[in-house]
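Asker: Below are the sequence and a predicted model; questions follow.
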Amino acid sequence: MAKKITKKIKLVIAAGKATPAPPVGTALGPAGINIGEFVTKFNEATREMTGALVPAEISVYEDRTFDFILKTSPASSLIMKAIGIEKGSGKTPIQKAGSITRKQLEEIAQTKMVDLNANDLDSAVKIIAGTCRSVGVEVR
């Protein structure tokens with residue numbers, strides 16, 4: 001018989017840098033799971049991705065055990081990393097933060113394909129291009 005899930009928690013944490021301090025400890029403490037165990041497992045699983053933001057979906061069971069699924073980094077952080085900027089434009093339609101090529105969009109879309117609601121690469125590229133506009137990045 002499968003364990004019953006009592007809570008689902010979604011967090012975005014820097015890869016390999018999870019600590020029991022907030023926001024991780026504050027989110028997991030009320031769920032009653034062992035925070036130290038989660039931090040150790042998360043850091044071990046994301047050791048190879050150092051520097052990237054990694055979304056984690058944590059399922060907490062009745063007996064206070066847990067498991068988690070790692071997702072791909074947010075599209076906006078992949079875009080900013082690809083063009084080498086720290087943050088997007090504060091005045092999106094007026095001021096541009098940078099520009100990105102179609103080839104870079106395709107690479108990001110390939111990376112994000114498992115998490116996107118797209119059937120083919122072309123529609124995935126359109127989704128990523130929309131995120132570019134939101135961040136203030138011009139698509140060339």
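Answerer: Right, received. Where do you want to start?
Asker: so where is the protein shaky, pLDDT-wise?
Answerer: The chain contains residues with pLDDT under 70 at 1.
Asker: Break it into its domains for me.
Answerer: The chain breaks down by automatic domain parsing into domains covering 5-70, 75-139.
Asker: can you list those domains in TSV and add mean neighbour count?
Answerer: All C-beta atoms are positioned from the backbone trio N, CA, C, and that covers glycine. Compiled in TSV, the domains of the chain are given as follows (neighbours: other CB atoms under 10 Å):
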stretch	mean neighbour count
domain 5-70	15
domain 75-139	16
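Asker: what are the ranges of the strands in this protein?
Answerer: 5-14, 53-61, 66-70, 98-100, 137-139 (DSSP state E).
Asker: Tabulate these (TSV), appending distance to Asn43.
Answerer: Listed next are the strands of the chain as TSV, based on distance: least, CB to CB, whole Å:
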stretch	distance to Asn43
strand 5-14	9
strand 53-61	11
strand 66-70	12
strand 98-100	31
strand 137-139	31
